[in-house]
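A.B. asks: Below are the sequence and a predicted model for it; my questions follow.
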Amino acid sequence: MDYRELDGGREFVAGLDHGADWRTEIEALATDAGVDAGFFVALGAVQDVELFFYDQDRQEYDSVTFDEPLEVAACVGNVSWLDGDRFAHTHAVCSRADGSTVAGHLDSGTVFAGEVYLREFDAHLEREHDETTDLDLWPL
Amino acid sequence: MDYRELDGGREFVAGLDHGADWRTEIEALATDAGVDAGFFVALGAVQDVELFFYDQDRQEYDSVTFDEPLEVAACVGNVSWLDGDRFAHTHAVCSRADGSTVAGHLDSGTVFAGEVYLREFDAHLEREHDETTDLDLWPL
Amino acid sequence: MDYRELDGGREFVAGLDHGADWRTEIEALATDAGVDAGFFVALGAVQDVELFFYDQDRQEYDSVTFDEPLEVAACVGNVSWLDGDRFAHTHAVCSRADGSTVAGHLDSGTVFAGEVYLREFDAHLEREHDETTDLDLWPL
């Protein structure tokens, strides 16, 4: 396990725009506020969602789309740099009226309403290709 | 996307009372400690839970109750003011012995055991009616 | 509800080792950094996972194992002392390619990739046996 101690930076709350994209909104927050690294938790609801699952054998993302209104029951993630842009690594658990759930790596989703807490780290974190997993991970 | 930078305030851990209501306990923590705004994460177990799903078309909450013991596998939320009281906006993912899950906006639930981390913001956040969604959201 | 105000301490991000155990890695982070109390959020993927469900009547943990690749869609927990060691109380929601989920108290799981944010409290928290629930909880 590799780790790094980081100084905490600024803290933000955000309300995501109705009709906008969930992940893009979090990245816009990071960009607008100049957050280079941080973690976030969020909750709310989406009008639809596209979730990724990483196939650990083929080492490729598979996608599944749910074109229906869903609560965002839990959303956790982090902000860092990837390929020259700020990237919000976003996982989410979504739920239906009967309580049933779908979850995964949230690639996109149309915001119904969303509330985000973002904690900045006073650091620059940048993802690099990891050979073992073929993912972009942090060199810590 | 609207956002606000907030100064971090105090930090609390709480153990929720066995047999009490999950959300009421979090609101009692906020009230007792005088927290006007903050975010929290929690975990534990409940003896039953009532989950809300917001019908985005009818713009009304539907409710579903699970009268069975459940783990609280993930709970995230925030504290702010609503209609003259502190309100803990609480989402949760709950699970059964076989790993199956139910999730949503947690309205109430009888605590079996619960552990909460609450981060205060040095701010007063108050919800106001939002016309687009018919929800009470933060003016940021 | 019992609670305690705690001073925030250091903050860490960690990348969990591919092939190692998810919970052991978080405990190794706490031990290596000398964190006696804290809370964390995490996300990533596992190659398998063993989830516990606490039977509230029998007051015993039941275990269910999923020997398949899963996203860790949401993971929340805390660090404190239990029986002379640092213990990472870890709950997680995991998901499959079709978005379906399993969740519970994460006892173990083989890391595919994992990213953790750990917030230290400047305190020593130690679990003690609680008679009502037969769990080890914090005296706050």
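C.D. replies: That came through, no problem. Residues are numbered from 1 along each chain as shown, chains lettered A, B, ... in the order given.

A.B. asks: Who is the spatially most central residue of chain A paired with across the strands?
C.D. replies: In chain A, the centroid-proximal residue (CA atoms, centre = their mean) is A:Thr90; its distance is 1.7 Å. For A:Thr90, the beta-bridge partners are A:Gly77 (DSSP bridges).

A.B. asks: contacting residues around it?
C.D. replies: With contacts defined as CB atoms under 8 Å, 6 or more residues apart in numbering or on different chains, A:Thr90 is in contact with A:22-23, A:26, A:75, A:77, A:105-106. To be clear about C-beta, it is placed using only N, CA and C from the backbone, and glycine gets the same treatment.

A.B. asks: hmm, try it at 10 Å
C.D. replies: Residues in contact with A:Thr90 (CB atoms under 10 Å, 6 or more residues apart in numbering or on different chains) are A:22-23, A:26-27, A:40, A:42, A:52, A:75-79, A:104-109, C:43.

A.B. asks: Please tell me how far it sits from A:Val116.
C.D. replies: 10 Å (CB to CB, to the nearest Å).

A.B. asks: what touches both of those two?
C.D. replies: Common neighbours of A:Thr90 and A:Val116, counting by CB under 10 Å, 6+ apart, are A:22, A:26, A:40, A:42, A:75, A:77.

A.B. asks: out of those residues, which are inside strands?
C.D. replies: A:40, A:42, A:75, A:77 (DSSP state E).

A.B. asks: which one of these is nearest C:Ala123?
C.D. replies: Taking CB to CB as the measure, A:Phe40 is the one of these closest to C:Ala123, at 24.7 Å.

A.B. asks: Just give me the neighbour total for that closest one.
C.D. replies: Neighbours of A:Phe40 under the rule other CB atoms under 10 Å in any protein chain shown: 26.

A.B. asks: Could you look up the SS state of A:Thr31?
C.D. replies: At A:Thr31, secondary structure determined by DSSP: H, G, I helix; E, B strand; the rest coil is helix.

A.B. asks: I figured it was touching B:Tyr3, is that so?
C.D. replies: No. The criterion here is CB atoms under 10 Å, and A:Thr31 misses it with B:Tyr3 at 11.4 Å.

A.B. asks: the more surrounded of the two?
C.D. replies: B:Tyr3 (19 against 14).

A.B. asks: What distance do you get for that one to A:Ala33?
C.D. replies: 7 Å.

A.B. asks: what does A:Cys94 give?
C.D. replies: Distance from A:Cys94 to A:Ala33, counting by CB to CB: 26 Å.

A.B. asks: The two: which is more packed in?
C.D. replies: A side-by-side neighbour count of A:Cys94 and A:Ala33, using other CB under 10 Å, places A:Cys94 first with 31 against 17.

A.B. asks: Isn't the more buried one up against C:Ala73?
C.D. replies: Yes. The criterion here is CB under 10 Å, and A:Cys94 meets it with C:Ala73 at 9.4 Å.

A.B. asks: Now the common contact residues for these two.
C.D. replies: A:51, A:73-75, A:101-104, A:106, B:93, C:99, C:101.

A.B. asks: Could you tell me which of these belong to strands?
C.D. replies: In this view, the shared contacts of A:Cys94 and C:Ala73 that belong to strands under DSSP E are A:51, A:73-75, A:101-104, A:106, B:93, C:101.
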